[in-house]
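Participant: build me a model from this:
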Amino acid sequence: MASTFHNTLYTQIGTIPTTVKTTISNGNTTVIGMSFTNLTNNLVTVSVQVQDTVNNITVYFLSGVIVPAGQSLRAVTGGEKLILGPSTNLIVTSSVAASLDLVMSYVEIV
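Facilitator: Numbering: from 1, shown residues only. Reported below is the predicted structural model:
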């Protein structure tokens with residue numbers, strides 16, 4: 001099995017759900033870091049959904065979590081991991097338009 005490390009950057013995530021990762025169909029993906037930064041001078045909330053496209057199931061990983069003005073939220077950090085199966089989407093939505101930046105690190109195992 002080969003493991004490949006990746007880093008994904010998204011800027012100005014807003015109220016339209018944004019698919020930030022679609023996993024490969026022949027392996028697993030492990031999110032090892034996920035950090036959101038509030039770009040505004042106001043409080044915003046962030047929601048992260050995990051969508052299993054094979055079984056047509058969508059669940060919340062985070063739902064309406066507060067990110068204070070000008071601050072960051074570490075959603076996956078330290079020893080914590082988010083393991084995603086094949087053919088899975090990771091979807092992010094903010095409560096305010098163009099308000100969040102995302103830095104996400106993950107490993108794909110094929």
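Participant: list the beta-bridge partners for T93.
Facilitator: Per DSSP bridges, the residues bridged to T93 are S47.
Participant: surely T40 meets P68?
Facilitator: No. Using CB atoms under 8 Å, T40 is not in contact with P68; the gap is 10.1 Å. Just so you know, the C-beta spots here come from the backbone N, C-alpha and C atoms, and that holds for glycine as well.
Participant: more neighbours: those two, which one.
Facilitator: Neighbours of T40 and P68, each counted by other CB atoms under 10 Å, are more numerous for T40; the result is 15 against 11.
Participant: could you list the buried residues of stretch 84-99?
Facilitator: Across stretch 84-99, burial judged by 16 or more other CB atoms under 10 Å covers 84, 88-96, 99.
Participant: keeping just the C-alphas, turn that stretch into PDB.
Facilitator: Written as PDB, here are the backbone C-alpha positions of stretch 84-99 (Å, rounded to 0.1, in the frame of the first residue of the first chain):
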ATOM      1  CA  LEU A  84     -13.000   8.800   5.100                       C
ATOM      2  CA  GLY A  85     -13.900   5.700   3.100                       C
ATOM      3  CA  PRO A  86     -13.800   5.500  -0.700                       C
ATOM      4  CA  SER A  87     -16.200   7.800  -2.700                       C
ATOM      5  CA  THR A  88     -16.800  10.200   0.100                       C
ATOM      6  CA  ASN A  89     -17.300  14.000  -0.100                       C
ATOM      7  CA  LEU A  90     -16.300  16.400   2.600                       C
ATOM      8  CA  ILE A  91     -18.500  19.500   2.400                       C
ATOM      9  CA  VAL A  92     -18.000  22.800   4.200                       C
ATOM     10  CA  THR A  93     -20.500  25.700   4.700                       C
ATOM     11  CA  SER A  94     -20.200  28.900   6.600                       C
ATOM     12  CA  SER A  95     -23.000  31.100   8.000                       C
ATOM     13  CA  VAL A  96     -21.500  34.200   6.300                       C
ATOM     14  CA  ALA A  97     -20.500  34.700   2.600                       C
ATOM     15  CA  ALA A  98     -16.800  34.600   1.800                       C
ATOM     16  CA  SER A  99     -15.900  34.300   5.500                       C
END
